[in-house]
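Visitor: I'd like to go over a predicted model; first the sequence, then the structure.
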Amino acid sequence: MRYYLAALASLLVLWQIAAYVVNKPYLPPFTDVAMRAASDHQILLRNLASTLARIAAATTLALAAGLACGLAASWLTERTSANLLKALILLTYPIPHVAFAVTAAAPTPNIWMSF
């Protein structure tokens, strides 16, 4: 455990030194970041809550879809489920992989801020 703490302390010291060497706004010192996080803890907690709500919703939807697909695949014959799975995979071929990355990184409306 002490090695992890030593590694973390070393990383934070290197961050602080790099921030003073670079001296640019895109690399603030760790002490400034820690003080800002402490002063803005309400905003951070609200954003953490919305992020955790999104993770819970996505996990619930993924589990429901996976369970439904798994049950459907077990009830169907092997040939039928293989053909359905092959069709689903073939339907995704025309979609470029970059589109998935852009969709995942796209900003979403802030619908979870009602907490």
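Guide: Here it is on my side, so go on.
Visitor: So for stretch 21-35, mean pLDDT?
Guide: Per-residue pLDDT values over stretch 21-35 give a mean of 93.
Visitor: Mind listing what's buried along the strand or helix carrying residue 31?
Guide: Applying DSSP states H and E as the criterion places residue 31 in helix 30-39. Across helix 30-39, burial judged by 16 or more other CB atoms under 10 Å covers residue 30. C-beta: built from backbone N, CA, C; applies to glycine.
Visitor: Average pLDDT for stretch 69-83, rounded please.
Guide: If you average the pLDDT values across stretch 69-83, you get 78.
Visitor: how does this protein divide up, domain by domain?
Guide: Annotated domains of the chain cover 1-32, 40-115 [automatic domain parsing].
Visitor: Report the central residue of the chain.
Guide: With distances taken as CA atoms, centre = their mean, residue 55 lies nearest the centre of the chain, 7.9 Å away.
Visitor: before we move on, the earlier item: packing partners for the helix or strand just after the helix holding residue 31?
Guide: Using DSSP H and E, the next helix or strand after helix 30-39 towards the C-terminus is helix 41-75. Contacting helix 41-75 under the criterion 3 or more CB pairs under 8 Å, 6 or more residues apart in numbering; DSSP states H and E are the following elements: helix 78-92.
Visitor: rerun that using 10 Å as the cut-off
Guide: In terms of contacts (3 or more CB pairs under 10 Å, 6 or more residues apart in numbering; DSSP states H and E), helix 41-75 is packed against helix 30-39, helix 78-92.
Visitor: got those helices as a markdown table, with distance to residue 20 columns?
Guide: A markdown table is the format used below for the helices and strands packed on helix 41-75 (distance: least, CB to CB, whole Å):
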| stretch | distance to residue 20 |
| --- | --- |
| helix 30-39 | 10 |
| helix 78-92 | 48 |
